[in-house]
Structures are given as structure tokens and as C-alpha cells.
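Colleague: I would like the atomic coordinates for the input below:
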Amino acid sequence: MNPLLSRSTAAQSTNALLDFAAIRPEHISPAVDELLNASQASLDLACSNSVLATWHDLSKTLDVATERFGVAWSAISHLNSVADTPELRAAYNEALPKVTQFFSALGSDERLYAKYKAIDPASLNPEQTQAHKNALRSFRLGGADLVGKAKERYAAIDERLSYLSQKFSENVLDSTEAFSYVASETEMAGVPDDVRLAAKARSKDGIGYALTLKAPCYLPIMQFATSSELREKLYKAYATRASDVPEGADAALRDNTVIITELLALKQEQAQLLGFKHHAEVSLATKMAGSSEEVVTFLRDLASRAKPYAIKDVAEMREFAKLELGIDDPQPWDWTFIAERLKEARYAYSESDVKNYFQLPKVLGGLFAKIESLFDVRIVLDTAPTWNEKVQFYRIEKRAASSATELIAQFYLDTAARDGKRGGAWMDDARGRWKRPDTNKLQTPIAHLVCNFADGVDGNPALLTHDDVITLFHEFGHGLHHMLTQVNERDVAGISGVEWDAVELPSQFMENFCWEWTVIQGMTAHIDSLEAMPHGLFQKMLAAKNYQSGLATMRQVEFALFDMLLHNQTDNALEPLALLADIRKDTAVLPVPAYSRTPHSFSHIFAGGYAAGYYSYKWAEVLSADCYAAFEEAASLGEEALKATGKRYLEEILQRGGSRPAIDSFAAFRGRAPQIDALMRHSAMNS
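Modeller: Below you'll find the model as predicted:
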């Protein structure tokens, strides 16, 4: 039996699971063909006169088939991201055009569009009403109003964009993994012991230290290695990934320059086919922000507030580097090292000291405890076949007074960096919550939660930096949004249907708990003594919380402005590197070398869903900071007020999903429109 066509242990069960351990590259093509054919047959039937233009009949006829197809393709795409092999990549890329063609055709099918337009709005409940509005909008954005050659061209562009985005991502992964350097004992001076042990374990025959560009290795080298030459070597390799700069065998095959040019041209052409001026208008059609001008104004206002703090941050580093480190002319690869040393001097602690307290199992225990207390649920280990032996599977249950339990959701947790796994951290939905029209039974949601942390060495648990802990909480915020929903229409359940510039609200909200003493106490245990983090060390961390927040804000604003201005051109006249250089005249407070190729590995906008949407991180940060401020206000009123606030956040934000506009959910929780004050206060930029 092809594991992509059944779900392990209970093939007919509403909540059965895919057998990830059994999936092989050779399963992909036959599964895609069978599911595609079944979906096409269901589409044709749904568009026929034998199926009424009602929400239930269309859903039962079409959505059941396409959801099954979607779940299988989601699994294939997930494996392509976390367990890439030449064989899997080949099978994925062979199937990708067929999948793209089908869903592109589905989204522009004028027969189906007519059926949806014929649905009586009075027959829909509130969830269905929102899903119906979204569906009609998706048809319009998918080219359903186009005819003839314009429609054919739109579909061809869709297929080509899918290929180019995948190729962009592959080039970034391949160029990251192509780098290798064996450092000597002398070069590794200053590097934390756990990073040294991991590098030694990677080296052949235990000779030297094998370094990579993956975050668990790259970042500590830039922070702690005293060798400026070593930092320069890694910095240049990282800054030029997937570009025209690297030389050597196959380097040109991993160059994203031409791909970026073609992606931009095709997005612009597609936008014009739909009647928009540029791709930014297409992107913003499904977001809270009303126009690219509104976004640019928001970003420039934020930059004007943050830049004085960023300039001060740099001035302090220059002075410290000259007086304490003997670095008179800091280079781009020196700034991270200088920043870390200044932080150690100013706050009398080191990130490497902090790291010894954050053992992954203990951190997870603290995270789960916080989630359980906030939202009145239980998180327990579950069993399921996985793609790697270190992946864990959990279930979230509704807390009940009796021994009976009610399943709310499940999730896969994949935390370790490894070869064949793309960098970064993300949450993806493996399956959505849905009151299925074919069985009338509730399907519970499943999430993929993925990070890239350093793995444990010699049987020891993995140690996380505090930034790693924040990343973990962030991705769980996304996961909770997906998993705790109580919406029964899958198109607006959880994160589905949520405006892209609001989807980061729950993730950034969860980050705040990484700075609460009671949470820190519950999730720290020193690797040697097993003692919780001392309160004195936590106070130092808290004092340093907004260390160089001006610099960090300006960096995000730079990325967001580049993304928005790149995608709101009508003629793509500005070449990406030239545009970025122009933006940096106003935003950059640190020099960037001419060889830097930031766009070439900017996967968020060229291989992800953030094109003309990267501003969402800062936009949603305003919302999340304001939401957390409600908890700060409640804390001063006592435990009952805090519980009531948590309950209201659960009910008005998380459980509502995309069943209503995000601004309505925010207002229902906060009782007013968003304000930027809390963000500036939390970032210590309100003086």
C-alpha cells in the first residue's frame, strides 16, 4: 500500500495519521497521479448540473478529494524541506508542475467560480460566510475572470513561478551545504565548548574542527571566535550564498541572480494580467494594510523612531572596540563579535554561560507548562511514524476533571539541524481542523513545528541559546494559532484565512513569556549542577533585553522596505542590488561590503509566502506587543484577572482563526484599535 494514499493504523478514520517512516521517493509519482485524477474527477462532478450550488454539496463533492490531495502533497513538501535527498528532490520536482497546474486550474475554473457565485449567502453560517468571501476573492486573484490567451498565460506563469521558487530554495540549501572549512585549534580560540565539540565530531578522523554555515555553527563563530580572519572567511561565504560571487565547481549552478530577475518579471506580468499595477497590490489584496504607500509610511516612521538608537548603538561599539579590543577600524565581520564582547562587559554575563542552563528537554517542559496554564490544556507525548528518529510527536488534550480526555490537536516537533534540512524555523499545517462534510465528524488539526538547533553531543541534551528559546516559543505561537482553533470550516480554521500581516501576532506574543522570571525558573537546569538559573543572571539578561534594539529594528525595516519597494515597481527598472544600496543610504548604520548578496538568499520573499509581505513581522509586532500589554495590566490586578485575560485571548484570537477579519479579533480582545506605544516601550525606544 502506498503510504501517501492511506493513513497508518486506521485508514478510514477521520484522524488517522500518515506513515512518514514508510514514505519513499518512488511513492510520490503514483500517489500524485492517483490523487490528481480523483480530484479532477471531483472537480468535473462539482461543476456539473448534478451537484447543487450549495456550500455543503460543493464541499462534500470537491473539498473532500482536494483536501486528501493537499494533505499528501503537504507531506511530500515537508519531507522535501526536512529530509532532502537527490532521489526525493527529483521525485518532488517531477511532480511539482502537475500539482501546480491542477491547483492553478482549480483556482481559475470559471465553471466552479460560477457555482460559488450562485451560492445563496443567506444559507451560510458566519464561518461559511467568511470562507465564501475568501473563496470568491481567491478566484479573482487566481485568474478566474481571465479568458483565452490571458488565462493560458496566467497558468503558465503560475507553473514557472512554482519551479523558480523551488529552485531558489534548493540553491540556498545547496550553497549552504557546499561550504566546508576545517579550522585549527588556534583559529577556534574563544569558541564555546559545545560548538567546538560538535565541530570536532563533524571532522574526519577527529582532525581539526569542521565548520559549516548552518546557524548553530555560524552564529557562535561570529560571536565568539577571536580570530578575525576566521570570522571573515565565514562571513563572506555566508553573505554570498547562492550568488555570482563564489567560485569553484558547480558554484554557477547555484547562482540565484537570473532566478530573481525572472521571478520579479513574472510576478509583475501576472499582476498586470489581473488588472493590478504591480505585485504589491496583489499581495496586499489579502492583508490588513490598504496600500504599499501605507506600508512604506509605517516603515519609514518606525525607522525615524529607531535610527537615533541605532546610531548610538554603533557609536558605543566603535568606542568599545577601539579602547578595549584594539580594533580601530571594525570590518563587517567584526561587528557581531564586538557586540557580544560589549554585551558581556556591560551586563557581566556571556551568552555561552546562559546557554548552559537551557537544556532542550527542560525548556520544552517549561514551554508546555506555560501553554497548559494559559489555555487550560494538557500536552503529552504521543506516538506516530516519523521521518527521523529524533522527531517527537505530541498531542494536545482538553483538560477535564474526569479521567476522560478530548483530543484537540497533535504536532510533530523537529528541532535539530542536519544535512538535507533547510535552515530557519517554521510552523506548517499538516492537516486542518474540519467538520468533514462526508462523515459529519470532526477532524482535529496537526502541525509541523521545525527548528534548526545544535544537536546534543556525546549523549548530552541539546543546549539552546536564549535566542533559540525565543524562536521555539515563536513557532509554538504559530502552532497554537493553528491547533487551538474552534472553527469548523477548514478554509478559515486556525491560520487559514488569516491576513498575512496579522498571522505573526500569536507567534510574537508568545516570545514575551521568555522574559518572565517564573517561566525561566521552570525551564532552566544547568548542564552540570542541574540548578535553575540564578535570579541575578536573569536580571542581567533582562537588563540586556533591549540591547541594540535600535540596530535590530533598522535591520528589519531595511529588509521590509527592500521587499515592498522591490515589488511595487511597475517596470522592474531598479535592479535589486541597486535598490537595496539606495535603501541602505537611509537605513543602514553599519557598512556593508560590496560583495554582499543579501537578496540571493532572501528565501522569505523569493521562495516563501512573504513577497511584498515581509513588513508583516513589524506590523504584527505592534499588535502582539499591545496584546501582551493587556496581560501586563491584568497581572497588576491579580491572578483571577490574569486568568480571565488568558481566556479572552484564547477565545477572541486563537480560537477564532480566520473566521473574521484580524482587526475585529484584535478589537474584541483589546476593546480598541491597536496602538504602537507598547511596542516602543517593550523595545526601550520610547524615551
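Colleague: can you show me the strands along this protein?
Modeller: Secondary structure of the chain (DSSP state E): strands located at 181-183, 209-211, 377-381, 392-398, 406-416, 426-431, 434-435, 442-443, 446-453.
Colleague: who are the packing partners of the longest one?
Modeller: For strand 406-416, the contact count by 3 or more Cβ pairs under 8 Å, 6 or more residues apart in numbering; DSSP states H and E identifies strand 392-398, strand 446-453, helix 466-483 as packing neighbours. (Glycine included, C-beta is placed from N, CA and C.)
Colleague: please redo it, this time with the cut-off set to 6 Å
Modeller: The contact analysis (3 or more Cβ pairs under 6 Å, 6 or more residues apart in numbering; DSSP states H and E) places strand 406-416 against strand 392-398, strand 446-453.
Colleague: quick one, what contacts Y412?
Modeller: 391, 393, 448 (Cβ atoms under 6 Å, 6 or more residues apart in numbering).
Colleague: scratch that, G646 is what I was asking about
Modeller: G646 neighbours (Cβ under 6 Å, 6+ apart): L374.
Colleague: quick check: it vs E511, distance?
Modeller: 16 Å (Cβ to Cβ, to the nearest Å).
Colleague: buried stuff in the longest helix along the chain?
Modeller: Longest helix in the chain, counting residues (DSSP state H): helix 148-178. Residues 151, 154-155, 157-162, 164-178 are the ones in helix 148-178 that count as buried (16 or more other Cβ atoms under 10 Å).
Colleague: any idea how far it is from the chain center?
Modeller: Relative to the centre of its chain, helix 148-178 is centred 20 Å away, using Cα atoms, centre = their mean, to the nearest Å.
Colleague: shift numbering so it begins at 22
Modeller: Sure thing, new numbering starts at 22, so read that last one as helix 169-199.
Colleague: quick one: mean pLDDT for it?
Modeller: For helix 169-199, the mean pLDDT works out to 97.
Colleague: low-confidence regions, this structure specifically.
Modeller: 28-35, 422-424, 708 (pLDDT under 70).
Colleague: middle-most residue in it, spatially?
Modeller: When Cα atoms, centre = their mean is applied to the chain, the residue found nearest the centroid is W447 (3.7 Å).
Colleague: before we move on, the earlier item: so which of the contacts of Y433 wins on neighbours?
Modeller: In terms of neighbour count, H469 stands highest of these at 22 neighbours, by other Cβ atoms under 10 Å.
Colleague: L428: how many residues sit nearby?
Modeller: Using other Cβ under 10 Å, the number of residues around L428 comes to 13.
Colleague: residue contacts, it?
Modeller: T465.
Colleague: for the residue nearest to the centre of the chain, give the beta-bridge partners.
Modeller: Beta-bridge partners recorded for W447 (DSSP bridges): V471.
Colleague: can you check the one 5 residues further on too?
Modeller: Here R452 shows beta-bridge partners I467, assigned using DSSP bridges.
Colleague: does it touch A468 like I think?
Modeller: No - applying Cβ atoms under 6 Å as the test, R452 and A468 come out as separate, 8.6 Å apart.
Colleague: can I assume E253 is in contact with W354?
Modeller: Yes - between E253 and W354 there is a contact under Cβ under 6 Å: 4.6 Å.
Colleague: same drill for those two, tell me which one is more crowded.
Modeller: W354 (22 against 15).
Colleague: in contact with the more buried one, which residues?
Modeller: Here W354 is in contact with 252-253, 256 (Cβ under 6 Å, 6+ apart).
Colleague: turn those into JSON lines, including distance to F90.
Modeller: Formatted as JSON lines, these follow (distance: Cβ to Cβ, whole Å):
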{"residue": "R252", "distance to F90": "48"}
{"residue": "E253", "distance to F90": "49"}
{"residue": "Y256", "distance to F90": "44"}
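Colleague: can you pull the domain assignment for the chain?
Modeller: Following automatic domain parsing, one finds the domains of the chain at 24-128+130-166, 201-261, 381-564+639-703.
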